[in-house]
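1. just need the structure, nothing else, for what follows:
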Amino acid sequence: MKIVQYPHPALRHPARPLAAIDKQVRLDAGHMLELMYEHRGLGLAANQVFLPYRIIVLNPTGDPQQRDKEEVLLNPVILDRKGTMEGEEGCLSFPELFQKIRRAKTVTVQAYDLDGKVIEKVVSDLESRLWQHEVDHLDGILFIDKMGTIAKLSSRGMLKQFEHDFQQDQQKGEIPPTAELERILSERAAEMDRKDQAS
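-> The predicted model follows:
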């Protein structure tokens with residue numbers, strides 16, 4: 001498992017709701033947390049590691065020593081948004097790119113934990129920003145979509161560089177062609193549908 005970078009098609013692929021929590025889901029969650037800490041992130045979503053289902057991991061401290069602050073959230077949703085705030089945001093799929101993004105200051109959120117228990121709470125400030133950023137990922141929405149005009153203009157050079165590097169890696173055979181990546185995504189989603197029907 002590794003973090004994919006823009007413009008990998010997985011980042012635009014809406015994730016499917018999860019119907020059952022099995023051993024694989026637990027393993028995936030563990031790997032996602034390790035990757036998040038390794039890359040000094042505060043959150044990570046399924047699409048960023050080429051998984052087809054709705055799972056995010058968060059730790060607002062970003063500190064692997066503070067495991068009590070980490071969360072694994074399945075089928076997370078934002079029920080309500082209040083207020084606005086603007087602050088700097090980055091993303092592990094866009095290394096070194098940071099821009100000011102406007103978000104809701106406070107959100108009411110709901111998800112399931114790995115035991116299948118419902119979590120519902122109200123979060124504000126940094127935690128609110130993390131939830132919004134990661135739930136957007138699951139819907140195929142990226143933080144670059146939320147940028148204002150000036151931020152978009154000043155990010156253009158870096159985005160072109162990401163696209164260039166991605167194409168170079170494909171030409172070198174380090175990343176499969178986009179059509180192949182799309183096929184894998186479709187197969188993984190179909191596999192999930194089969195599992196859902198079986199259960």
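2. give me the buried positions along stretch 87-96.
-> For stretch 87-96, a neighbour-count test (16 or more other CB atoms under 10 Å) marks 89-94 as buried. (C-beta placed from N, C-alpha, C; glycine too.)
3. quick one: Lys2 and Val49 touch, right?
-> Yes: using CB atoms under 8 Å, Lys2 is in contact with Val49, at 7.0 Å.
4. who's more crowded, these two?
-> Using other CB atoms under 10 Å, the more surrounded residue of Lys2 and Val49 is Val49, with 21 against 11.
5. poorly predicted segments of the protein, please.
-> 198-199 (pLDDT under 70).
6. how much space between the most centrally placed residue in it and Glu134?
-> Central residue check for the chain by CA atoms, centre = their mean: the C-alpha nearest the mean position is that of Ala45, 2.5 Å away. Separation of Ala45 from Glu134 (CB to CB, to the nearest Å): 5 Å.
7. which residues are common contacts for the two?
-> The contact sets of Ala45 and Glu134 overlap at Ile56 (CB atoms under 8 Å, 6 or more residues apart in numbering).
8. what's the single longest helix in the protein?
-> helix 149-171 (DSSP state H).
9. residues of that helix that come out buried?
-> Within helix 149-171, the residues that count as buried by 16+ other CB under 10 Å are 151, 155, 158, 162, 166.
10. now for that helix, which elements pack on it?
-> strand 99-103 (3 or more CB pairs under 8 Å, 6 or more residues apart in numbering; DSSP states H and E).
11. between helix 149-171 and the strand it packs on, find me the angle.
-> Counting by axes from the mean of the first three to the mean of the last three CA atoms, to 10 degrees, strand 99-103 lies at 110 degrees to helix 149-171.
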